[in-house]
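K.L.:
Predicted model and sequence below, questions to follow.
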Amino acid sequence: MNKKLVSSSILAVAFILTTVAPAVVSAADHIVSLKKQVVEKKVIEDSEFQAKVLKKFKDKPRSLKVLKKIKRKRLLHKAKPAERKKFRKDLKERKLKIRKVGKKHRADFRKKIKSSKKRAYLATAHKRAFKMLRRFRFANARYSHIIKRIERRIKKLEANDVDTASLVVLLEEAKNLQADAEDKLASIKERYESLLTGDAPKDIATAARALAHELKGDLKGLHAKVIEIIRALKAVKK
Amino acid sequence: MNKKLIILIVIAIVLIGAYFMFSNDSNKEILNIEDDLAALELTDEEKQALADEGIELPSDSDPLIDELQQVNSSDEVSDIEADLSATNLDDLDAALDGIDNDLLGL
């Protein structure tokens, strides 16, 4: 009886050492690496971001034009929820339209452009652009996800009779920025889809590049806005 | 006495291992986006034309996307802050120069 017990215990310990223990160690390593990432990645402060932007515009006076364009193109600045809802509805239709036109460009691509070399260059640029668009889209989706979680947190505070009026204002601003970013993303996709027409591809790429720069700036602005909300949330909690 | 103790230790170790294995990522979520960004596939003739010019097709995998896709699901301020800190925006547009280079050959 005792022999059986000892041998089964040895087997169990061997199983743990060979399968469970390495998993535990790798899980622990993973946690440590995640914590390291969290500690090491610096949050972009508002002042730091502004200083960077100002330096960039000082270095490149032409970028001021882009800045004006950004301000002009922020369609949803201070928009109310109903206006944003309508904006999103229109955007959904526009995205469907862009998708439809994109499908047509793809269908006509090999009929219209006879040179395989030209097609190869265009299709490669298109592929690279779409890979970049996926990055932008995931970044925007990440902020959308974060905003929803903040909203949930605010609702919990409201349920505990905490005054969240100032937080709601900031949250609305963040939602507007996020919707604006989504709109700009659609515009960039529209440009890159038209690369496959083969008409003036360099001009298309230049226009898309300017939009991509704007979008990156917008996402940084959204990032700064979310940091502002987090600070306000912490202040409310205290 | 000894028998029971050994069994208890073994069960405890197995449970601790299982806890670390399964609870570690329970708070994590993978983001999804609209599936309308599939790139146009190149034909063999086009791939050959590209190879002749010494240009490599961009790969389908993207570590930055893998990073961006992973988020916490909790609404705890510390978790939201962690996701925010882990959001890397610097390399979003890193492909722009590559796109310009691709079009230089036209």
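P.N.:
Yes, it's here.
K.L.:
where does residue A:162 fall, helix, sheet strand or coil?
P.N.:
Local secondary structure at residue A:162 is given as coil here, using DSSP: H, G, I helix; E, B strand; the rest coil.
K.L.:
Give me the neighbour count for it.
P.N.:
The local packing count at residue A:162 equals 12, with neighbours defined by other CB atoms under 10 Å in any protein chain shown. For glycine as for every other residue, the C-beta is placed from the backbone atoms N, C-alpha and C.
K.L.:
Show me where the chain dips below the pLDDT cut-off.
P.N.:
I went with chain A, as the question did not name one. A:1-9, A:11-75, A:237-238 (pLDDT under 70).
K.L.:
hmm, I had chain B in mind actually
P.N.:
Across chain B, the ranges flagged by pLDDT under 70 are B:1, B:19-26.
K.L.:
quick one, helices of it?
P.N.:
Counting by DSSP state H, chain B has helices at residues B:2-23, B:44-52, B:63-69, B:77-85, B:96-104.
K.L.:
So which bits of the shortest one are buried?
P.N.:
Put plainly, it is helix B:63-69. Along helix B:63-69, the positions that meet the burial threshold by neighbour count (16 or more other CB atoms under 10 Å in any protein chain shown) are B:64, B:65, B:67, B:68, B:69.
K.L.:
just checking, what packs against it?
P.N.:
The elements that helix B:63-69 packs onto, with contact taken as 3 or more CB pairs under 8 Å, 6 or more residues apart in numbering or on different chains; DSSP states H and E, are helix A:116-159.
K.L.:
again, but for the first one
P.N.:
If you count contacts as 3+ CB pairs under 8 Å, 6+ apart, helix B:2-23 packs onto helix A:2-15, helix A:21-40.
K.L.:
Phi and psi next, for residue B:61.
P.N.:
Dihedral angles of residue B:61 (phi, psi; degrees, to the nearest 10) stand at phi -80, psi 150.
K.L.:
how deep is it tucked in, by neighbour count?
P.N.:
8.
K.L.:
hang on, the earlier thing: closest to residue B:32 out of the helices of chain B?
P.N.:
Closest approach to residue B:32 among those is made by helix B:63-69 (8.2 Å; CB to CB).
K.L.:
of all the buried residues of helix B:63-69, which comes closest to chain A?
P.N.:
Each of the buried residues of helix B:63-69 was checked against chain A using CB to the nearest CB; the closest is residue B:68, at 4.0 Å.
K.L.:
Do I have it right that the closest one meets residue A:144?
P.N.:
No: here residue B:68 lies out of contact with residue A:144, judged by CB atoms under 8 Å, at a distance of 12.0 Å.
K.L.:
just to revisit the earlier point, output the buried residues of helix B:63-69 in a markdown table, with distance to residue A:121 appended to each entry.
P.N.:
Compiled in a markdown table, the buried residues of helix B:63-69 are given as follows (distance: CB to CB, whole Å):
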| residue | distance to residue A:121 |
| --- | --- |
| B:64 | 25 |
| B:65 | 24 |
| B:67 | 30 |
| B:68 | 28 |
| B:69 | 30 |
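K.L.:
Nearest to residue A:134 among those?
P.N.:
Within the set of the buried residues of helix B:63-69, residue B:65 lies nearest residue A:134; the separation is 5.9 Å, counting by CB to CB.
K.L.:
what's the distance between the closest one and residue A:180?
P.N.:
Counting by CB to CB, to the nearest Å, the separation of residue B:65 from residue A:180 is 22 Å.
K.L.:
thinking again about what came up before, now, which of the buried residues of helix B:63-69 sits nearest residue A:112?
P.N.:
Proximity of these to residue A:112, judged by CB to CB, is greatest for residue B:65, which lies at 31.2 Å.
K.L.:
tell me the contacts of the closest residue in space to the closest one that isn't next to it in sequence?
P.N.:
Distances taken as CB to CB, 6 or more residues apart in numbering or on different chains put residue A:138 closest to residue B:65, at 5.5 Å, once the chain neighbours are dropped. With contact set as CB atoms under 8 Å, 6 or more residues apart in numbering or on different chains, residue A:138 has these partners: B:31, B:33, B:65, B:68, B:69.
K.L.:
Also residue B:45?
P.N.:
Contact partners of residue B:45, counting by CB under 8 Å, 6+ apart, are residue A:116.
K.L.:
Check the secondary structure at the residue nearest to residue B:81 when sequence neighbours are not counted for me.
P.N.:
Distances taken as CB to CB, 6+ apart put residue A:230 closest to residue B:81, at 5.9 Å, once the chain neighbours are dropped. Per three-state DSSP, the secondary structure class of residue A:230 is helix.
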